[in-house]
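Visitor: Would you be able to build a 3D model of this:
(chains A and B)
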Amino acid sequence: MVISLTKRYQELNFRMLWIEELGKHIGEKVILRGWVYNRRDSGKVRFVLLRDGTGICQCVFADSEVEKKYFELADSVNQESLVEVEGTIREFDRAPGGVELAARSMKLLADSVDYPITPKEHGIDFLLSRRHLWLRSSRQHALLRCRDTLIRAFHEFFGERGFILIDPPMITPTSCEGTTELFEISYFDDKAYLSQSGQLYMEPAAAAFGKVYCLAPSFRAEKSKTRRHLTEFWHLEPEVAFLDLAGDMELAEEMLSFVVKELLEGRSTEIEFLGTWGKNKQEKRAFREHIELLKNLNPPFYRITYTDAVKLLAKKGVNIQWGDKFGADEEAIISAVYDKPVFCHRYPKRSAPFYMKEDPENPELVKNFDLLAPEGYGEIIGGSQREDDLAKLEAAIERHNLPREPLEWYLDIRRYGTFVHSGFGIGVERTLAWITQTHHIRVTIPYPRLMDRIYP
RNA sequence: UCCUCGGUAGCUCAGCGGAAGAGCGGGUGGCUGUUAACCACUAGGUCGGGGGUUCGAAUCCCUCCCGGGGAGCCA
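Guide: Purely as a prediction, here's the structure:
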């Protein structure tokens, strides 16, 4: 079908163009194919907004210039019908994109009756149930283009630095961290679990390749119903040999600065659009301030120890004891002190996962960090130096009441040339939500998986 | 799992004991350039399900179902 269409355009001496390319073809006769985004009319003129995925083009049908049947089609064609429009591209300042198509004819290729997502406000339940159609809408379009750029930027950052991409398994025999709820699946005659992190598999890979990373889905079966949680999210996890905690934090801040720059440069149109879409005056100002913050997001970020953060919170009147975990409120208070993300590091060992390295300067602590994003977005990165002492790791496994046998392979890394190494995990959706100031991360992934929502 | 708010036209919502409403969307007509166009007319309802209170229930009570927001946990 595609081949024959292309041939037809050649025969007609027309050019089949994507809407994003139209600016370079002013004055040319072209054929556009796309879906009807919206339709407007005034007197003897009909406007059809055509969407082909790369952009939107206003097609103008003037009563005096087109045959009656085409004018009538332009007058009645349904939203999201697939059409082919033939005409001439011309400049028009007030049209979206600065150019418009002076239409000569239009052909209905596929009708669309009662398209549910009308140019109107809809509730989140309605939209999420129609996520497969919602993807066509302009805000979702902008967000997912930013997501594409963000993921490419992650790969570029690590690729340029000689990291090797190592894909972890998604089906695992046991929990990686032993704490969170896992999705159980049946695996022939056995039980298996969907991976909640690739980290334990990255550590042996770091011994094999030195600098490695993975970018894969992670699954969490916790019944978390908040704007920061998905049951399936994309998890980026670098792991580096001979890197200590300080180096790990440096890697994290360089990476974040890099991808933010790539987004600001590569997706300025989309980010500008997101800064105005559905926002009131105050929100628009807040967004502009956020963009200024992003523009100045150069290393180093701020650093504060857990112990100092507790003191800071106490000074702010928060009732908190050393050893308590930080909740969402505490994290918001800490991050609000700074105009850049802040590393909170060296948390109490008693609430830390088994694999984190004990701080030699204080065995009550582990050498880990959380990176807290400003503006209340909370933790977007969690990282640590890993325990490389076999005896200490074995003791930690025992302390956490974890079964030892499924972790023997992991202990091997400490048996055969153990080495200082560190890494971190960052959620693609949380990062994108923070950069684009999106309230809920469910719209930063094409098909969100949430508690009680698995359709479409 | 807990707390909290909600379910009324295709969509977004108002009505909160006394004739089922608005805006948008759909349909029809009007307007030479619209920007979620506008104007007029019009069709469209098991008020989430079940039970109860009452002369009378969308409205009050009980219960179940579904969804939103938040907490814990985490990225």
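
Visitor: Looking at the stretch 251-400 of chain A, which residue is nearest RNA strand B?
Guide: Closest contact between the stretch 251-400 of chain A and RNA strand B, by CB to the nearest atom of the strand, is at A:Gly327 (2.4 Å). For every residue, glycine as well, the C-beta is placed using N, CA and C.

Visitor: pLDDT score for that residue?
Guide: With respect to pLDDT, A:Gly327 scores 88.

Visitor: Same check on A:Lys281?
Guide: Per-residue pLDDT puts A:Lys281 at 79.

Visitor: That one: neighbouring residues, count only.
Guide: Burial of A:Lys281 is recorded as 7 neighbouring residues (other CB atoms under 10 Å).

Visitor: wait, what's in contact with it?
Guide: For A:Lys281, the contact set (CB atoms under 8 Å, 6 or more residues apart in numbering) is empty.

Visitor: Show the backbone phi and psi for it.
Guide: A:Lys281 has phi and psi values of phi -60, psi -50 when expressed as degrees, to the nearest 10.

Visitor: distance of it from A:Ala103?
Guide: Noted for A:Lys281: a distance of 37 Å to A:Ala103, by CB to CB, to the nearest Å.

Visitor: try A:Ala373
Guide: Using CB to CB, we find A:Ala373 at a distance of 47 Å from A:Ala103.

Visitor: Looking at the two, which one has more neighbours?
Guide: The neighbour count for A:Ala373 versus A:Ala103, taken as other CB under 10 Å, is higher for A:Ala103 (25 against 21).

Visitor: Surely the more buried one is in a strand?
Guide: Yes - counting by DSSP: H, G, I helix; E, B strand; the rest coil, A:Ala103 is found in a strand.

Visitor: Quick check: chain neighbours aside, which residue is closest to it?
Guide: Nearest residue to A:Ala103 in three dimensions, chain neighbours excluded: A:Gly87, at 4.0 Å (CB to CB, 6 or more residues apart in numbering).

Visitor: buried ones in the helix or strand harbouring that neighbour?
Guide: Assessed by DSSP states H and E, A:Gly87 sits inside strand A:82-91. Under the neighbour-count criterion of 16 or more other CB atoms under 10 Å, strand A:82-91 has A:82-87, A:89 buried.

Visitor: can those residues go into JSON lines with extra columns for pLDDT?
Guide: Output for the buried residues of strand A:82-91, formatted as JSON lines (pLDDT from 0 to 100):
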{"residue": "A:Leu82", "pLDDT": "93"}
{"residue": "A:Val83", "pLDDT": "93"}
{"residue": "A:Glu84", "pLDDT": "92"}
{"residue": "A:Val85", "pLDDT": "93"}
{"residue": "A:Glu86", "pLDDT": "92"}
{"residue": "A:Gly87", "pLDDT": "93"}
{"residue": "A:Ile89", "pLDDT": "93"}
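
Visitor: Tell me the one among these nearest to A:Asn296.
Guide: A:Ile89 (40.0 Å; CB to CB).

Visitor: got a list of what that closest one touches?
Guide: Taking CB under 8 Å, 6+ apart, we find A:Ile89 in contact with A:22, A:25-28, A:30, A:99-102.

Visitor: If you rank the residues you listed by neighbours, which is first?
Guide: Counting neighbours by other CB under 10 Å, A:Leu101 comes out on top of the contacts of A:Ile89 with 25 neighbours.

Visitor: Go ahead and confirm that one touches A:Val30.
Guide: Yes - assessed by CB atoms under 8 Å, A:Leu101 is found in contact with A:Val30 at 7.4 Å.

Visitor: Give me the common contacts of the two.
Guide: Both A:Leu101 and A:Val30 are contacted by A:22, A:87-89, under the criterion CB under 8 Å, 6+ apart.

Visitor: Save these as TSV, and put in distance to RNA strand B too.
Guide: Formatted as TSV, these follow (distance: CB to the nearest atom of the strand, whole Å):
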residue	distance to RNA strand B
A:Leu22	14
A:Gly87	11
A:Thr88	11
A:Ile89	12
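
Visitor: rewinding a little: verify the contact between the residue nearest to A:Ala103 and A:His25 for me.
Guide: No - counting by CB under 8 Å, A:Gly87 stays clear of A:His25, with 11.7 Å between them.

Visitor: can you give me how far the lengthiest strand in chain A is from the chain middle?
Guide: The longest strand of chain A (DSSP state E) is strand A:29-42. Chain-centre distance of strand A:29-42: 31 Å, with CA atoms, centre = their mean, to the nearest Å.

Visitor: now stretch A:128-147
Guide: 12 Å.

Visitor: Repeat that for stretch A:143-150.
Guide: Distance, stretch centre to chain centre, for stretch A:143-150: 7 Å (CA atoms, centre = their mean).

Visitor: Just the CA trace of it, in CSV.
Guide: Provided in CSV are the C-alpha atoms of stretch A:143-150 (Å, rounded to 0.1, in the frame of the first residue of the first chain):
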residue,chain,number,x,y,z
LEU,A,143,5.6,14.9,26.9
LEU,A,144,6.4,11.7,25.1
ARG,A,145,8.7,13.5,22.6
CYS,A,146,10.5,14.8,25.7
ARG,A,147,10.7,11.2,27.0
ASP,A,148,12.2,10.1,23.8
THR,A,149,14.9,12.8,24.0
LEU,A,150,15.6,12.0,27.7
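
Visitor: sorry, back to before: and of the shared contacts of A:Leu101 and A:Val30, the nearest to A:Leu312?
Guide: Nearest to A:Leu312 among the shared contacts of A:Leu101 and A:Val30: A:Leu22, at 54.3 Å, using CB to CB.

Visitor: Spit out the contact partners of the closest one.
Guide: Counting by CB under 8 Å, 6+ apart, A:Leu22 touches A:30, A:55, A:57, A:89, A:97, A:99, A:101.

Visitor: Farthest from the middle of chain A: give me that residue.
Guide: Centroid-distance maximum for chain A: A:Ser64 at 48.1 Å, with CA atoms, centre = their mean.

Visitor: Does that one belong to a helix, a strand or coil?
Guide: Classification of A:Ser64 using three-state DSSP returns coil.
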